[in-house]
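1. dropping the sequence and predicted coords here.
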Amino acid sequence: MPSSSFLPLGSRPRLVNCGISEHGLAGREEYELPRLWCFHLYFYSVEFHIGREVHQITPGVVTLIPPGRRLVYHYNGKRHRHFFVHFAVGKSDPVVEIPLLQHLPEARDELLDRLQNMQRLLSHHRFHAEILFWALLCDVAEAGHKQAQSGAQGSLLLKDLDEWIEQKLPAPLSASQAATYLDLSMTHVNRLIKKRDGVTTAQLLRKRRLQRAYRLLVHSSMPIKLLAAECGMEDLQQFNKLMRSEYGKSPRALRQHHQLKGSDPTWSMGRE
């Protein structure tokens with residue numbers, strides 16, 4: 001997770017410079033503003049370093065970097081554009097914690113409209129432009145707070161889902177059943193799982209089945225056909241194919257390999 005910045009929002013920010021800038025042709029670019037804050041709205045993908053933190057910038061990402069932090073970009077030699085704002089703030093309360101990097105793709109177009117309106121006003125109505133940017137910073141801070149709350153809530157929901165999956169694995173399970181269990185939309189559940197595990201709900205269910213099957217293979221003498229059914233996979237041919245794809249060996253070969261290493265089954269079960 002990216003670290004946070006602590007931004008004083010009790011007084012109007014002072015805008016120094018803003019607009020669309022082009023980068024990328026030099027490959028690696030490095031920046032540091034010793035006295036100014038830096039706000040960026042991105043329209044492209046690039047690897048981005050903040051100190052020792054490494055992140056992947058994608059379209060719709062917003063960064064808010066305090067003075068004195070070194071920024072390093074690793075571009076691909078092509079032109080890229082982002083909207084930047086360099087500004088200064090006072091030290092008045094409240095001081096609000098805001099993530100250095102936020103993913104706000106749904107708000108990208110609205111943010112760009114607001115930033116461009118602010119830019120148009122800056123040359124002849126500076127006070128108005130700074131008020132608009134002040135409001136935008138407050139909204140970005142609120143978005144960060146909501147994302148943090150959502151992340152904490154999402155962790156609890158996924159812990160609950162993990163326990164439910166373990167209990168239900170012998171039965172047929174689907175992504176829609178997982179969403180129904182959590183009383184959330186499939187899109188929301190997929191987003192939570194993708195963020196944590198990098199896979200879809202259906203892929204997570206399959207992975208958990210195969211992980212249980214592997215544990216039973218190496219820690220029991222349960223017959224493979226019964227073992228597959230215990231993991232919710234009645235089709236033995238499909239089970240063999242999935243295990244080979246995941247672990248590089250057939251179920252029987254995995255068990256034999258484990259036994260050759262000298263490990264006895266933790267428990268046994270007689271054949272029917």
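-> Good, I have the coordinates.

2. please make it C-alpha for all contacts and neighbour counts, starting now.
-> OK.

3. for the spatially most central residue of the chain, give me the backbone phi and psi.
-> Centroid check for the chain by CA atoms, centre = their mean gives residue 195 as the closest residue, at 4.0 Å. Torsion angles at residue 195 (phi, psi; degrees, to the nearest 10) stand at phi -70, psi -40.

4. go on, residue 54?
-> In terms of degrees, to the nearest 10, the main-chain angles of residue 54 are phi -120, psi 130.

5. my guess is it contacts residue 47. True?
-> Yes. Here residue 54 reaches residue 47: they are 7.2 Å apart, a contact under CA atoms under 8 Å.

6. low pLDDT regions in the stretch 51-200 of the chain?
-> Within the stretch 51-200 of the chain, the stretches with pLDDT under 70 are 145-154.

7. residue boundaries of the strands in it?
-> Assigned strands in the stretch 51-200 of the chain, in chain order: 53-57, 61-65, 71-74, 80-88, 95-99, 101-103 (criterion: DSSP state E, counting those that start in this stretch).

8. looking at those strands, which is closest to residue 126?
-> Among the strands of the stretch 51-200 of the chain, strand 80-88 comes nearest to residue 126, with 12.6 Å by CA to CA.

9. just how off-centre is the closest one within its chain?
-> Averaging C-alpha positions (CA atoms, centre = their mean, to the nearest Å) puts strand 80-88 24 Å from its chain's average.

10. now stretch 124-134
-> Counting by CA atoms, centre = their mean, stretch 124-134 comes out at 33 Å from the chain centroid.

11. now do that stretch: everything it contacts.
-> For stretch 124-134, the surrounding residues in contact (CA atoms under 8 Å, 6 or more residues apart in numbering) are 9, 12-15, 114-115, 117-119, 121-122.

12. for stretch 79-90, buried residues please.
-> 80, 82-87, 89 (16 or more other CA atoms under 10 Å).

13. JSON lines for the residues you listed, including distance to residue 162?
-> Output for those, formatted as JSON lines (distance: CA to CA, whole Å):
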{"residue": "80", "distance to residue 162": "41"}
{"residue": "82", "distance to residue 162": "39"}
{"residue": "83", "distance to residue 162": "41"}
{"residue": "84", "distance to residue 162": "41"}
{"residue": "85", "distance to residue 162": "43"}
{"residue": "86", "distance to residue 162": "44"}
{"residue": "87", "distance to residue 162": "45"}
{"residue": "89", "distance to residue 162": "45"}
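
14. only whichever of the contacts of stretch 124-134 are buried, select them in ChimeraX.
-> With 16+ other CA under 10 Å as the criterion, this ChimeraX line picks the buried residues out of the contacts of stretch 124-134:
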select :9,12,13,14,15,115,118,119,122
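
15. in helices only, show me the contacts of stretch 124-134.
-> Secondary structure from DSSP state H places 114-115, 117-119, 121-122 of the contacts of stretch 124-134 in helices.

16. can you list the residues you listed in JSON lines and add distance to residue 24?
-> Converted to JSON lines, these look like this (distance: CA to CA, whole Å):
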{"residue": "114", "distance to residue 24": "25"}
{"residue": "115", "distance to residue 24": "22"}
{"residue": "117", "distance to residue 24": "26"}
{"residue": "118", "distance to residue 24": "26"}
{"residue": "119", "distance to residue 24": "23"}
{"residue": "121", "distance to residue 24": "29"}
{"residue": "122", "distance to residue 24": "27"}
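
17. just give me the closest of those to residue 189.
-> Nearest member of the ones in helices among the contacts of stretch 124-134 to residue 189, counting by CA to CA, is residue 114, at 31.2 Å.

18. fine by me, thanks again.
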